[in-house]
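Asker: any chance you can model this:
(one chain, ligands or ions: 1)
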Amino acid sequence: MTTWLADAIRRIERDFQRSSDTHLIALDLPALPGVQLYLKDESTHPTGSLKHRLARSLFLYGLCNGWIREGTTIVEASSGSTAVSEAYFARLLGLPFIAVMPRGTSAAKVAQIAFYGGQSHFVDDPATVYVEAERLARERGGHYMDQFTYAERATDWRGNNNIAESIFQQMRAEPHPVPRWIVTGAGTGGTSATIGRYIRYQGHATQLCVVDPEHSVFHDYFHAPANPGITGTRGSCIEGIGRPRVEPSFVPGVIDRMIRVPDAASIAAMRVLEQRTGRRWGASTGTDFYGALLLACEMAGRGEQGAIVTLACDPGERYLDTYYSDDWLRAQGHNVAPWLACLEAACASGRWATP
Ligand SMILES: Cc1ncc(COP(=O)(O)O)c(C=O)c1O
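Answerer: Residues are numbered from 1 along each chain as shown. Sure, this is the predicted structure:
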């Protein structure tokens, strides 16, 4: 083991020791008195998203496998958030970093990657991020991090303060400490794999629901698992979740239910959540909230009591000129009004009526 490698691992561990856990926010929904909703606020990581956990794990995995050495250029395919977090860790280790992303990636994320000294490389077709990242890594003698393959195995799913262990620890003193549902989106599929495996390993009665945006193939694959080669014709409109191919890190066997969420509904849910929390979140957090609220209304309809935990992946400040812009919504053809009405009515009455 080289001195550089030992020092690199120690640097990441020191960074971890200086970090604190993320908050679990209890949402106030008086019309649903028997169901308590919680939001695991992953926006407070040093690099502003859930992907901070993944980037730390991927770097440690690459270092311990001997794939990352002194001077190795790190290349990654990303819809932006993972690249921001990886740029941070690359700088921590003094390594060059290149992010390969779809051209429409939010300008705020591109600026953050540059802030951490990383380069951004854009592709027009989101389905080509993988081959382009592989090519760049090969040409520069670098390492293609490949979050879509390694997310599920780089994360320590049995514990070690992963997101699932943190959720169950923070729920310990709540009226319903074991949630009835945990709701998450899937980008790589790593988060759902970690949570689903942890639930089984611990023997919890919690069920895992994965919400999926309209142009993603995960939902179709979940219902037709004999067809892993299924591909979509376009990228997801909800940055961070939903993919045009079935990612190797997506593990359907740990998922109890999937819900397909229209893009306009995700954006409407993001705005309703802003009213409820006084804070802005990204659209993938809206997708999560949509699923959690739908499940809460179903539980209330059956007279069930319990808790539902979902995730807030990143802050809305990254998306002021897209999801939070009415001009952008109009230009993209998203009609959020019927979904705003649906979600506001669900919050006010505890009853769900799809428009
Ligand atoms: C709200 C939300 N939940 C979950 C995820 C899960 O990501 P992954 O499947 O890559 O772990 C994301 C990714 O950005 C997200 O935005």
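
Asker: surely residue 228 meets residue 246?
Answerer: Yes: the pair residue 228 / residue 246 is scored as a contact, 5.1 Å apart, by C-beta atoms under 8 Å. The way it works is simple: take the backbone N, C-alpha and C, and place the C-beta from them, glycine included.

Asker: what's near enough to touch residue 211?
Answerer: By C-beta atoms under 8 Å, 6 or more residues apart in numbering, the contact list for residue 211 reads 183-185, 241, 258-261, 287-288, 290-291.

Asker: now it: closest residue in space that isn't a chain neighbour?
Answerer: Distances taken as C-beta to C-beta, 6 or more residues apart in numbering place residue 291 nearest to residue 211, at 3.8 Å, with adjacent residues excluded.

Asker: confirm that that neighbour sits in a helix.
Answerer: Yes: Residue 291 forms part of a helix when assessed by DSSP: H, G, I helix; E, B strand; the rest coil.

Asker: tally up the residues packed near it, please.
Answerer: Look at residue 291: counted by other C-beta atoms under 10 Å, it has 28 neighbours.

Asker: ok, residue 66 next?
Answerer: Close neighbours of residue 66, defined as other C-beta under 10 Å, add up to 9.

Asker: mind checking how far it is from the ligand?
Answerer: From residue 66 over to the ligand the distance is 25 Å, taken as C-beta to the nearest ligand atom, to the nearest Å.

Asker: that residue: helix or strand, and which one exactly?
Answerer: Using DSSP states H and E, residue 66 sits within no helix or strand.

Asker: got it, and the one 10 residues further on?
Answerer: Secondary structure assignment for residue 76, by DSSP H and E: strand 74-77.

Asker: partners of that strand, with directions?
Answerer: Strand 74-77 pairs in its sheet with strand 97-102 (parallel), strand 143-144 (parallel), by DSSP bridges.

Asker: of the ones you listed, which is nearest the ligand?
Answerer: Checking the strands paired with strand 74-77 against the ligand by C-beta to the nearest ligand atom gives strand 97-102 as the closest, at 13.3 Å.

Asker: next, count neighbours for residue 71.
Answerer: Using other C-beta under 10 Å, residue 71 has 11 neighbouring residues.

Asker: identify the residues contacting residue 143.
Answerer: 62, 67-68, 72-75, 137.

Asker: for beta bridges, what are the partners of it?
Answerer: Going by DSSP bridges, residue 143 forms beta bridges with residue 74.

Asker: so how far is residue 245 from it?
Answerer: Using C-beta to C-beta, to the nearest Å, residue 143 is found at 22 Å from residue 245.

Asker: who in the chain is up against the ligand?
Answerer: Within the chain, the residues that sit near the ligand (C-beta under 6 Å from any ligand atom) are 50, 81, 151, 184-192, 240-241, 284-285, 288, 311, 313.

Asker: now with 8 Å, please.
Answerer: Residues of the chain lying close to the ligand (C-beta under 8 Å from any ligand atom) are 42, 49-51, 54, 79, 81-82, 147, 151, 184-194, 238-241, 247, 249-250, 282, 284-285, 287-288, 310-314.

Asker: returning to what we had before: between residue 228 and residue 246, which one's more packed in?
Answerer: Per other C-beta under 10 Å, whichever of residue 228 and residue 246 has more neighbours is residue 246, with 23 against 13.

Asker: what about the more buried one, distance to the ligand?
Answerer: According to C-beta to the nearest ligand atom, residue 246 stands 12 Å off from the ligand.

Asker: all strands for the stretch 101-250 of the chain, in order.
Answerer: Using DSSP state E, counting those that start in this stretch, the strands assigned to the stretch 101-250 of the chain run over residues 119-123, 143-144, 181-185, 207-213.

Asker: distance from the chain centre to the first one, please.
Answerer: Pointing back at strand 119-123 there. 21 Å (C-alpha atoms, centre = their mean, to the nearest Å).

Asker: list the contacts for the closest residue to residue 156 other than its chain neighbours?
Answerer: Using C-beta to C-beta, 6+ apart and skipping the chain neighbours, the partner closest in space to residue 156 is residue 162 (5.9 Å). For residue 162, the contacting residues are 53, 155-156, 194, 198, by C-beta under 8 Å, 6+ apart.
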